[in-house]
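In: Take a look and give me a structure for this.
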Amino acid sequence: LVFLGVATKEGGKIPGYNAVSRLNFDLKKYAEEKGLFVMVSREDKDLETIVRFVKGISERTKTVLMKIDKKTYLSPFIGLFGLVVIFLAYLSRRFVATATLVLLLPFYSHAGETLGYFYYLIGSYERSAVEFLKEKTPKNLYNAGLSYYRAGEYDRAQSLLKQVNTEDWELKKKVLYTLALTYLAKKNYAEAGRIAEELAGMYPQDGRVRKLYHFTNMVLNMDRKEEREKTVVKIKERRSKQPKTSPSQIGGKNPW
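Out: Reported below is the predicted structural model:
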């Protein structure tokens, strides 16, 4: 094991990030016991030390490493089995979607919602959103917004999610969570962070909400750049001295 130290014990601020880099002395001690620890330097001393260390590896170790087979032969049955599994997974998804459609089609009042779920299951997200919007209940508006988000149409998704008006706290959580994801996808980290903070206040015990909150905070901190200090330099223009005697007074000795 070779460890290359790129920090000091006191540490220093990383430019552009809200973080401090310090040398990990536990790793330093471990490296000195098990391998090599080298501090980075402006010259090539650190690289030379590492090269000497690598060249000093025993011949016995290199012999063992050279015995590792470069090729691994797999049975064709394993490859065939993998293809069968992939094919069955493909069919099962369609089978579940078709079975859901057949079972729920008798409920005509929810036909649009049923088709919406069917198209969502097979990955046709835009058609799924169209079906959900045939009956604009709060739940269907959310489902349509989620479908548009999965289709990559973030503006449409945001427009629908903002229309959801519900007293159902579970549905409200899903709406805000998906809305934050759309802002993240559009790289509007400030708005995503605001929604994540609101969610964390409403649902502090929810694991997914906490992950979203910490992630947006991390992205925001990475996106912030340190303000550079402006240095004002005053340039004093040096004016040429006016001659005390005019050219007309000099006469024949006029240098011009």
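
In: okay, residue 161: pLDDT?
Out: Among the per-residue scores, residue 161 shows a pLDDT of 91.

In: give the contact list for it.
Out: 141, 142, 145, 175, 178, 179, 182 (CB atoms under 8 Å, 6 or more residues apart in numbering). Where C-beta positions appear, they are placed from N, C-alpha and C, glycine not excepted.

In: Which helix or strand contains the closest residue to it other than its chain neighbours?
Out: Excluding the flanking residues, the one nearest residue 161 by CB to CB, 6 or more residues apart in numbering is residue 145, at 4.0 Å. Using DSSP states H and E, residue 145 sits within helix 138-150.

In: so who does the residue nearest to residue 161 touch?
Out: 129, 156, 157, 158, 159, 160, 161, 164, 175, 178, 179.

In: again, 6 Å this time
Out: Residues in contact with residue 145, defined by CB atoms under 6 Å, 6 or more residues apart in numbering, are 157, 160, 161.

In: Against residue 8, how distant is it?
Out: Taking CB to CB, to the nearest Å as the measure, residue 145 and residue 8 are separated by 50 Å.

In: Can you give me the pLDDT of residue 254?
Out: pLDDT, residue 254: 44.

In: Actually, residue 192.
Out: Here the pLDDT value assigned to residue 192 is 90.

In: quick one: it and residue 18, what's the gap?
Out: Distance, residue 192 to residue 18, by CB to CB: 18 Å.

In: Give me the below-cutoff pLDDT ranges for the stretch 151-256 of the chain.
Out: Filtered on pLDDT under 70, the stretch 151-256 of the chain yields the residue ranges 223-256.

In: For it, just list every one of the helices.
Out: In the stretch 151-256 of the chain, the helices defined using DSSP state H, counting those that start in this stretch lie at 154-161, 169-185, 189-202, 207-223, 247-250.

In: tell me, what residue is most central in this protein?
Out: residue 219 (7.2 Å; CA atoms, centre = their mean).

In: which residue packs closest to residue 179, ignoring adjacent ones?
Out: Going by CB to CB, 6+ apart, residue 179 has residue 161 as its nearest residue, at 4.7 Å.

In: In this structure, mark out all the strands, start to finish.
Out: 2-5, 12-13, 20-21, 36-39 (DSSP state E).

In: Now the first one: average pLDDT?
Out: Going back to what we said before, that points to strand 2-5. In this model, strand 2-5 has an average pLDDT of 82.

In: what do you get for the second one?
Out: Rounded to a whole number, the mean pLDDT of strand 12-13 is 82.

In: Pairing partners for it, with directions?
Out: Using DSSP bridges, the strands paired with strand 12-13 are strand 20-21 (antiparallel).

In: Figure out how far the strand it pairs with is from the centre of its chain.
Out: Offset of strand 20-21 from its chain centre (CA atoms, centre = their mean, to the nearest Å): 21 Å.

In: Now do the helices in the stretch 1-150 of the chain.
Out: When secondary structure is read from DSSP H, counting those that start in this stretch, the stretch 1-150 of the chain shows helices at 25-34, 45-55, 59-66, 76-104, 111-121, 125-132, 138-150.

In: Show me what the first one is packed up against.
Out: Counting contacts by 3 or more CB pairs under 6 Å, 6 or more residues apart in numbering; DSSP states H and E, there are no secondary-structure elements packed against helix 25-34.

In: what does it contact?
Out: Contacts to helix 25-34, defined as CB under 6 Å, 6+ apart, come from residues 1, 3, 37.

In: I figured the second one hits residue 35, correct?
Out: No - the criterion here is CB atoms under 6 Å, and residue 3 misses it with residue 35 at 7.2 Å.
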